[in-house]
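# based on what follows, work out the 3D shape:
(4 chains)
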Number of protein chains: 2
Amino acid sequence: MSLRHALLGLLAHGSASGYDLLGTFQGSLANVWPATQSQLYGELNRLADAGLISVVAEGPRGRKEYAITDTGRAELQRWLTEEEPERNRRNDMLLRVFLLDLVEPAQARAFLDREAALAAERHESLRKLDESIEWDDSPLSRYGRLTLEWGLRATAMHREWAEWAAARIDAGGRRRGG
Amino acid sequence: MSLRHALLGLLAHGSASGYDLLGTFQGSLANVWPATQSQLYGELNRLADAGLISVVAEGPRGRKEYAITDTGRAELQRWLTEEEPERNRRNDMLLRVFLLDLVEPAQARAFLDREAALAAERHESLRKLDESIEWDDSPLSRYGRLTLEWGLRATAMHREWAEWAAARIDAGGRRRGG
DNA sequence: CATCACATGTAAAAGGTTACATGATTCT
DNA sequence: AGAATCATGTAACCTTTTACATGTGATG
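Numbering: from 1, shown residues only, chains lettered A, B, ... in the order given. Coordinates of the predicted model:
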């Protein structure tokens, strides 16, 4: 149930409306914890019912501004320091690689080429994002940079792996080693 | 709905019972596409109803042996060659890093140290697995090795990143660059 | 005869996606 | 006046997790 903690975490940095938060989920959190509008408004109401956040102001067009409560802050701390992160093991792309012997080698090769190209694209787009952000010494900036660096390294790794794997397919069953 | 295609993929390599398949999901697929018993038996029945697989033998203790049908094989091909892999963007660990400014630097540092240590452990366990398997020139062996290599590279990358990030926290807000 | 491994099933709850639905305010 | 943006909510459906539930066959 990490959406709950993502919301608490954002509200711990300052109060905001559901609409504001949605923007963050579609922006800086898009590559970390995306959430839909539908999911977000529902969870905000549940959080308010549970007393972890509260409406601190109402604005035009039914806007509700939420702030984190002391209870919410305590729960957030507990989650950050005591709860083990869930490791996400499902990987559609790897499942396909595992089954890639079911298609022609040329198609397998094409699949890996595409993976390499897409990883290169994602890497480049993260690199540009990195350049475009004016990183300062603020806490969010400091830790945000760490997550972006993870993305840069993950995409680089993925690309290198896909290129290596594609070359191995070309080598056929004749060769071993990497 | 990749569980469906994982099952089709396994059955394309030879017929098996739900119980057999469960073993594979808890074994070689554990790091790629884990599935629970409950989910698996339900999906097998749905696949049979849809005509993508069929019961080819019944054994003791109610054992049902399934084989993939031509329709199933066609669907599997379509999925492998035409459908874009779903990219899994949710990452609980990165979400925490993003919010790590909410805890003391020492706790943030401890979090990253633990990530580095866990990644090292997972890497080592994959390395041992790699050594223990007698890779041959069979197709499953060849492509299975590619997925394992991905795991080796991912865990290595994750460890290096966590060590780099931990060092940056020690450097505090005073420094830039990596 | 007891235990372990084999073997399958159902039900409830939680979390996520997609689509539907509505309305107010601001900008051009 | 019309369009874009702001702003929230609901409903149906799907997937996954956890727990419950049952029974057979082989082995010591």
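
# tell me if I'm right that residue A:146 and residue B:97 touch.
Yes. Counting by Cβ atoms under 8 Å, a contact exists between residue A:146 and residue B:97, whose distance comes to 5.3 Å. For every residue, glycine as well, the C-beta is placed using N, CA and C.

# residues shared between the contacts of the two?
Shared contacts of residue A:146 and residue B:97 (Cβ atoms under 8 Å, 6 or more residues apart in numbering or on different chains): residue B:165.

# those two: who's more crowded?
residue B:97 (25 against 22; other Cβ atoms under 10 Å in any protein chain shown).

# and the gap between the more buried one and chain A?
In this view, residue B:97 and chain A are 5 Å apart by Cβ to the nearest Cβ, to the nearest Å.

# from residue A:5, how far off is that residue?
13 Å (Cβ to Cβ, to the nearest Å).

# quick one, helices of chain A?
Per DSSP state H, chain A carries helices over the ranges A:2-11, A:18-26, A:37-49, A:70-82, A:92-98, A:105-132, A:139-171.

# could those go into CSV alongside mean pLDDT?
Below are the helices of chain A laid out as CSV (pLDDT from 0 to 100):
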stretch, mean pLDDT
helix A:2-11, 98
helix A:18-26, 97
helix A:37-49, 97
helix A:70-82, 96
helix A:92-98, 97
helix A:105-132, 96
helix A:139-171, 94
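
# which residues are in contact with the closest residue to residue A:152 other than its chain neighbours?
Distances taken as Cβ to Cβ, 6 or more residues apart in numbering or on different chains put residue A:126 closest to residue A:152, at 5.4 Å, once the chain neighbours are dropped. Shown in contact with residue A:126 (Cβ under 8 Å, 6+ apart): A:31, A:148, A:151, A:152, A:155.

# of the residues you listed, which is the nearest to chain B?
residue A:31 (5.8 Å; Cβ to the nearest Cβ).

# okay, now the closest one: neighbour count?
21.

# which residues of chain A lie near DNA strand C?
Neighbours of DNA strand C within chain A, by Cβ under 7 Å from any atom of the strand: A:1, A:2, A:3, A:34, A:35, A:36, A:37, A:38, A:39, A:60, A:61, A:62.

# closest one to residue A:114 out of those, please.
residue A:34 (22.6 Å; Cβ to Cβ).

# so what's the closest one up against?
When contacts are counted by Cβ under 8 Å, 6+ apart, residue A:34 touches A:25, A:26, B:89, B:90.

# how does chain A divide into domains?
A:2-82, A:92-174 (automatic domain parsing).

# show me what contacts residue A:89?
By Cβ under 8 Å, 6+ apart, the contact set of residue A:89 is B:30, B:31, B:32, B:33, B:34.

# ok, these vs residue A:119, which is closest?
Closest approach between the contacts of residue A:89 and residue A:119, by Cβ to Cβ: residue B:32, at 18.0 Å.

# residue A:113 contacts residue A:169, correct?
No. Residue A:113 is beyond contact range of residue A:169, at 9.8 Å (criterion: Cβ under 8 Å).

# lovely, talk soon.
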